[in-house]
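Colleague: sequence first, then the predicted structure:
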Amino acid sequence: MNKILIFFIFILASVAIGALSGLSNQPGEWYQSLNKPFFNPPNWVFGPVWTVLYGMIGGALAATWYDEDNRRRLQIFAVQAVLNLAWSPAFFGLQSPRLGLVIIVPLLISILLFIAASWRPNRWAAWLFVPYAFWVGFATLLNLAIVLLN
């Protein structure tokens, strides 16, 4: 198959999986009732930000897929993907900011590990994860603040 088509499929699949996860785990009234820090963004920000990030995550996976000696980076990618998909059901579905925090910290670490492991063999894949790392770093701080305030 054509590499461009594969990139498109990886990106589309990543965005679709992220959208499905988001739609399956809506914040709802419980989340609205929580005390949140002053830096909590408005709810409408999350959808567009995650859509762009999931596109970049899919691009990083596609770029890594074609690299030689990619096994370790694909394993790290898989770990972050599982943790990413586990956070929303834990935080929103189980209504547990504490469990969300237990998941998001290793998620952030796995994202940073992917960036570090990809830096030399595929800088493009690494750079695609940098905004994701910043956003999840912010989300980790937000998650921690919600735990402390509630």
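Modeller: Arrived safely.
Colleague: helix or strand: which one has residue 139?
Modeller: helix 123-149 (DSSP states H and E).
Colleague: so what's the backbone phi/psi at residue 42?
Modeller: Here the main-chain torsion angles of residue 42 (degrees, to the nearest 10) amount to phi -60, psi 150.
Colleague: what pLDDT does the model give residue 23?
Modeller: For residue 23, the model assigns a pLDDT of 75.
Colleague: tell me which element it is part of?
Modeller: Under DSSP H and E, the secondary-structure element containing residue 23 is helix 3-24.
Colleague: in stretch 46-60, what's buried?
Modeller: Burial within stretch 46-60, assessed by neighbour count using 16 or more other CB atoms under 10 Å, is assigned to 50, 53, 54, 55, 56, 57, 58, 59, 60. Bear in mind the C-beta positions are built from the backbone N, C-alpha and C, glycine included.
Colleague: how about stretch 31-38?
Modeller: Using 16+ other CB under 10 Å, none of the residues of stretch 31-38 count as buried.
Colleague: show residues contacting it.
Modeller: Outside stretch 31-38, the residues that touch it by CB atoms under 8 Å, 6 or more residues apart in numbering are 92, 97, 142, 145, 146, 149, 150.
Colleague: the buried residues of stretch 46-60 in strands, which ones?
Modeller: Among the buried residues of stretch 46-60, no member falls in strands (criterion: DSSP state E).
Colleague: with that, I have no additional questions.
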